[in-house]
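*Asks:* how would this look folded up:
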Amino acid sequence: MLVFTQRCQPVSFQLRMSTPVSYRTAAAARARRPRGADDPPQRIVIQYPAPVVDGGAYPVKRVVGDTVAVSVDVFRDGHDLLRAVVKYRPPESRRWRETELRRIDEHLGGVRWAASFAVDRPGRWLYAFEAWSDRFGTWRDELQRKVAARQHDLAGELSEGVLLLREAVDRARTKRDIDLLEQALEKLEDVDANEAERHRAALSEDVYEAIRREQSRDDAATLEPLALEVDRVRARFSTWYELFPRSWGGLKGVEAQLPRLAELGFDVVYLPPIHPIGHTNRKGADNAPTAAPGDPGSPYAIGDEHGGHEAIHPELGTIDDLRSLTKAASELGIDIALDLAINCSADHPWLKEHPEWFNHRPDGTIKYAENPPKRYIDIYNVNFDSPAWRELWDALRAIVLHWVDCGVKAFRVDNPHTKPTPFWAWLIEQVHAVDRDVIFLAEAFTRRAVMRHLAKVGFTQSYTYFTWKNARWELVEYVSELAYSGEQEYFRPNFFTNTPDILHAYLQHGGRPAFEARLVLAGTLSPSYGIYSGFESIENVPAHEGSEEYLHSEKYELKARALDGELLPMVAALNRARRQNPALQELSNVTFLQTENEALIAYAKQTAGNTLLTIVNLDPHHVQEGLTIVPAQLGLAPVFTVRDLLGDELFEWRIGRNYVRLEPGMRQAHLLRVMRPDELVDPTGPDPDVVSVD
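*Replies:* This next block holds a predicted model:
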């Protein structure tokens, strides 16, 4: 039986699946006078909006505080001037705001317009584009050119201006604008007035601005609204530490580690499943098919007589212990993340209470989970094609909301690509209706299209192929795709250096230098990254040659863990640099630099007033040296001073070629912040502590 707190009882099932076009059918922003059946066809064209995901089928993603840059093609036949705006609406608001679009390629005769607006709260925003003919501006432009050409007898043109000004007076809202427009109208209507004075009144910038404030949009064209999903900042920028609570003294033991984890710069602590573990077919040490007495089993074999996904393993603590953990973490600025693994042991209560949720063979047996040649004899998968799928969905939602009620702010979802994506779209929407801050991290090492689709339907972050990208060309190619291919609009990578399942050969054979290289790459290339405990202690022994599994894996046995790894000072320095430098909190601001040595990778990251240069020796066995070329387009001074945030030395660098030497065991990477002149002791000359590397 499922057990929940009073605040988190299962709610009745109301299926409201998010379809890819659900927000595309929302009412578009209309012109003030809707076009009727007798109106002429629309002559203004609006097309190719950006940013957009799959033509608007899925929302673009941003975080609170972002400035959203938008652009669109706007044009019409003829020579009439146009005006255009981007209209945007915050969540739970009926009022549209708008910002004027400006031509960005007017000198080339182009049709691209752009603007930006800020998003200040999480939730589903809408934005749309609207354009209309600037009748007064067109008339004013033609008059201006005729006056400049010294043409005379412009009475007819001025009579047209009189009509336009009369309309403008009727629409004006402030006394100041009304007075200004009436004075201009009086001047234009005075046929006895000096012609030059009438021209000046018609061409007045103040008059034009007053008209623009309340301009007629009779022929306005609009695009249907596009969706913008805005999350809290941690959705994009986060630092994860994964640990098994049973190796730290349970939930209370984890709570005791929180101050140190916060000091090290981690803001998400991720716990693999904390639920009761089944007895039937329990795995033994090193994934042995039979457990020895005392073997704890894999925490992914969920469920026994104490409960299932809604329960906590009695040896780890209680619900009150979890609430205490999440409260203490929140006070330190840390989120607690739980593993959402939809696996059931043979002892899970659902096997008896809801046999209809499982796929039975003709002989009555239930097929255990497997991915040949891997066999997971200790777990069963639920059947999402069950006739009782609605009840199954409802139960899973209730479980997630139960943990949200306990203060859990993030879920690492185990193998979401093996479950229906409509379920995830629905579940994430349902959870966000209760707590919009909850983060969902997809652990889907699968085909790229599937990983992208999971991000589109709602996953906040995603594991990536970073673990398997170790050569310079692989990293440049992969990060460039993540940052600039269009994926950056919806796919947020999380570069985990290792996981309980993945110990890459690079780490197995590279020793500490390999760990240093991967740490710096993960923490500087991606705004979000994570490590699994043991990484800081250089744990790198595989189960056997050619395997990515750990020998004596923590998945199957207890360990005595402590935050005493030799790499922790470097971890702390890196995380401090990430927090202090906004350039490291973005993805699509990376510029890869030439190194003239394939064993060295170098890149710059920039935001306003903040530039970081990172150079990493990808060879963990040999000294590598070469030239890092800083291009002029970075906008730096010809000669500038940098501080290495991993070692606190100062160096003098310059635009062009800079010599670098990185020796494993001594220094595996540079993380250089470009110093402002006011930060130096003597901005007029070289600092005596500056070490030249030229």
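
*Asks:* and residue 640, helix, strand or coil?
*Replies:* Secondary structure state of residue 640, per DSSP: H, G, I helix; E, B strand; the rest coil, is strand.

*Asks:* report pLDDT for it.
*Replies:* Per-residue confidence (pLDDT) for residue 640: 97.

*Asks:* for it, list each beta-bridge partner.
*Replies:* residue 653 (DSSP bridges).

*Asks:* distance of it relative to residue 654?
*Replies:* 7 Å (CB to CB, to the nearest Å). Yep, even glycine has a C-beta here, placed from its N, CA and C like the rest.

*Asks:* between those two, who's got more neighbours?
*Replies:* Neighbour totals were compared for residue 640 and residue 654, and residue 640 leads with 20 against 13 (other CB atoms under 10 Å).

*Asks:* average pLDDT across the helix or strand that residue 170 is a member of?
*Replies:* If you go by DSSP states H and E, residue 170 is part of helix 155-171. Per-residue pLDDT over helix 155-171 has a mean of 91.

*Asks:* off-centre distance for it?
*Replies:* Relative to its chain's centre, helix 155-171 lies at 50 Å (CA atoms, centre = their mean, to the nearest Å).

*Asks:* buried residues, the helix or strand that that helix is followed by. List them.
*Replies:* Note on helix 155-171: by DSSP H and E, the next helix or strand toward the C-terminus is helix 175-189. If you call a residue buried by 16 or more other CB atoms under 10 Å, then helix 175-189 has these buried ones: 177, 178, 180, 181, 184, 185, 187, 188.

*Asks:* stretch 146-160 now?
*Replies:* 147, 154, 157, 158, 160.

*Asks:* with stretch 380-397 instead?
*Replies:* 380-384, 386, 389, 392-397.

*Asks:* okay, these in CSV with distance to residue 604 and pLDDT next?
*Replies:* Output for the buried residues of stretch 380-397, formatted as CSV (distance: CB to CB, whole Å; pLDDT from 0 to 100):
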residue, distance to residue 604, pLDDT
380, 50, 94
381, 46, 94
382, 48, 96
383, 51, 96
384, 46, 97
386, 53, 96
389, 50, 98
392, 49, 98
393, 46, 98
394, 50, 98
395, 49, 98
396, 44, 98
397, 44, 98
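
*Asks:* okay, now residue 92: neighbour count?
*Replies:* If we define neighbours as other CB under 10 Å, then residue 92 has 8 of them.

*Asks:* how close does the residue nearest to it when sequence neighbours are not counted sit to residue 354?
*Replies:* The shortest distance from residue 92 to any non-neighbouring residue, by CB to CB, 6 or more residues apart in numbering, is to residue 123 (7.0 Å). Distance, residue 123 to residue 354, using CB to CB: 34 Å.

*Asks:* residue 304 too?
*Replies:* For residue 304, the distance to residue 354 - CB to CB - is 16 Å.

*Asks:* those two - which one has more neighbours?
*Replies:* Shown here are residue 304 and residue 354; by other CB under 10 Å, residue 304 has more neighbours (23 against 17).

*Asks:* so how far is residue 118 from the more buried one?
*Replies:* 51 Å.

*Asks:* which of the helices or strands spans the residue in the chain sticking out farthest from the centre?
*Replies:* Distance from the C-alpha centroid of the chain peaks at residue 192, with 65.0 Å (CA atoms, centre = their mean). In the assignment (DSSP H and E), residue 192 maps to no helix and no strand.

*Asks:* residues in contact with it?
*Replies:* Not one residue lies near residue 192 by CB atoms under 8 Å, 6 or more residues apart in numbering.

*Asks:* now residue 202: phi and psi?
*Replies:* Dihedral pair for residue 202: phi -70, psi -30, per degrees, to the nearest 10.

*Asks:* nearest residue to it in space, please, no chain neighbours.
*Replies:* residue 161 (5.1 Å).

*Asks:* I'd guessed the one you found sits against residue 188; true?
*Replies:* Yes. Using CB atoms under 8 Å, residue 161 is in contact with residue 188, at 5.5 Å.

*Asks:* list residues touching both of those two?
*Replies:* residue 202.
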